[in-house]
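Asker: sequence below, structure please.
(chains A and B)
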Amino acid sequence: MDGIHDLGGMQGFGAVGHSPAESAFPHRWQAVSRALMIVVSGAVEASGGEFRHSIERMEPGHYLTSSYYEHWLTAAATLAVEHGLVTLADLEERAGGRFPLSGPVLAPAIVDAGPDVGEPRFGIGDRVQVREWHPPGHTRCPQYVRGKAGLVVRVDGIHSVPDVEAHSTTRRYEATYSVRFDATDLWRDGQRGVAVHVDLWDSYLE
Amino acid sequence: MSEEGHHPAPVSPIERRVAALEALLTERGLVPDGFIDEITRRYESEIGPMNGAKVVARAWADPAYRERLLTAGTAAIAELGFGGAEGEHMVVVENTPAIHNVIVCTLCSCYPWPVLGLPPAWYKDPPYRARMVREPRTVLAEMGCELPGDSEIRVWDSSAEVRYLVLPERPSGTDGLTERELAGLVTRDSMIGVARL
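Answerer: Modelled structure (predicted):
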């Protein structure tokens, strides 16, 4: 989905709020959120794709104004409700107020994942073109490279396609590639001497 | 507001929501005893950038290790005992006087946990994720990472299964140092690529 999570290249965010060091969990609820996401993911057997997509489906305003572990908490609760572990009514009663969940899945469930792509179609040095597409479900193809051409710099073996595993119990495996894009090919105002590398599954490429 | 006294500061809405989900899942027998403390302990004391610093120091001290690290990162990192979730497919990218590498995850917050621990908040927040792929020269300068104007910047967006670690340049004047002392010079930020040493 063309969701709020797909942030690469968006403008207007201002300076990075850098800190040189911080503890892993400044507040206990952050550690609890992390643990609960692991608990829920295990209980409902969520794939990595389904987990990430449950965050991506957050209401955009909520996503941008909440911290990382609030994303995890929201996603854990969403998956727990969707898989019948708890109800929203129970959550809101216990919380003593509103408990915002992520929005519904927009993509249909995938029944037939299609054939694996066991052999890489491309090798190092090949010029490739990213598909210009807008899938309604989970994908790891960032919008900022869609329709753009780049150069394969690495072939990384065969991996489960997240676009399938987020919406199915079946799997499809494909080669992945690290593709180098010249920043001036990506952005009208791209900075000189900058190469941006994006790791892409085979089916993301023309 | 409680009027019973001795209560800590009012619990925030997010803390109430976390407690609600925790209670419901615990009642259903899904949260193992001690699990939350275990998560906290692991990520606060076992896994962190001190691991990556050992990898970098070894690469500085041992040219053959450096070669293995750059050609087969996962196996070379495993030689020092580090590996596991979010470190199964490691690629190490080397800084040189002419090339500066920096890692980002524009879609979420992918990060090499076994060698760097959990990502800092700013790495997961929108400004870094949005801007690092579009204006890295500007963002690095803002973060105090000064680069020669003609140096090449290589940004690595961790969008699939590979997780990246930057091998920073060894600082000059460190010839006599032990590997342990070298590791003490390596910062988290230098291994993300937002600082030079």
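Asker: point out where chain B drops to low pLDDT.
Answerer: B:1-10 (pLDDT under 70).
Asker: would you map out the domains in it?
Answerer: Using automatic domain parsing, the domain parsing of chain B gives B:13-44, B:49-192.
Asker: most neighbours per residue, which of those domains?
Answerer: Among the domains of chain B, ranked by average contacts under mean count of other Cβ atoms under 10 Å in any protein chain shown, first place goes to domain B:49-192 (a mean of 19). Backbone N, C-alpha and C define where each C-beta goes, glycine included.
Asker: mind listing what's buried in the longest strand belonging to chain A?
Answerer: Counting by DSSP state E, the longest strand found in chain A is strand A:149-160. For strand A:149-160, the buried set under the neighbour-count rule, 16 or more other Cβ atoms under 10 Å in any protein chain shown, comprises A:G150, A:L151, A:V152, A:V155, A:D156, A:I158, A:H159, A:S160.
Asker: for B:A64, helix, strand, or coil?
Answerer: helix (DSSP: H, G, I helix; E, B strand; the rest coil).
Asker: please work out the average pLDDT along stretch A:52-64.
Answerer: When pLDDT is averaged along stretch A:52-64, the result is 98.
Asker: hmm, I was thinking of stretch A:127-136
Answerer: Mean predicted confidence for stretch A:127-136 is 96.
Asker: now the end-to-end length of it.
Answerer: Using Cα to Cα, to the nearest Å, the end-to-end distance of stretch A:127-136 comes to 27 Å.
Asker: quick one: it near chain B?
Answerer: No - judged by Cβ under 8 Å from any Cβ of the partner chain, stretch A:127-136 and chain B are separated, with a smallest distance of 11.4 Å.
Asker: partners of the longest strand of chain A in the sheet?
Answerer: strand A:127-129 (antiparallel), strand A:173-182 (antiparallel) (DSSP bridges).
Asker: now do it: everything it contacts.
Answerer: A:47, A:49, A:116-118, A:120, A:122-130, A:171-182, A:185, A:197-199, A:201, B:89, B:91, B:160-162 (Cβ atoms under 8 Å, 6 or more residues apart in numbering or on different chains).
Asker: mind doing that once more with 6 Å?
Answerer: A:120, A:122, A:124, A:126-129, A:171, A:173, A:175-181, B:161-162 (Cβ atoms under 6 Å, 6 or more residues apart in numbering or on different chains).
Asker: any idea how far that strand is from the chain center?
Answerer: From the chain centre to the centre of strand A:149-160 is a distance of 18 Å (Cα atoms, centre = their mean, to the nearest Å).
Asker: let's see it as PDB, backbone CA atoms only.
Answerer: The C-alpha trace of strand A:149-160 is given here as PDB (Å, rounded to 0.1, in the frame of the first residue of the first chain):
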ATOM      1  CA  ALA A 149      16.500   2.400 -13.400                       C
ATOM      2  CA  GLY A 150      19.600   1.200 -11.500                       C
ATOM      3  CA  LEU A 151      22.500  -1.200 -11.500                       C
ATOM      4  CA  VAL A 152      22.700  -4.600  -9.800                       C
ATOM      5  CA  VAL A 153      25.600  -4.500  -7.400                       C
ATOM      6  CA  ARG A 154      24.900  -7.700  -5.400                       C
ATOM      7  CA  VAL A 155      22.800 -10.800  -5.700                       C
ATOM      8  CA  ASP A 156      21.700 -11.900  -2.200                       C
ATOM      9  CA  GLY A 157      20.200 -15.400  -2.600                       C
ATOM     10  CA  ILE A 158      16.600 -16.600  -2.500                       C
ATOM     11  CA  HIS A 159      14.200 -15.200   0.000                       C
ATOM     12  CA  SER A 160      10.400 -15.400   0.800                       C
END
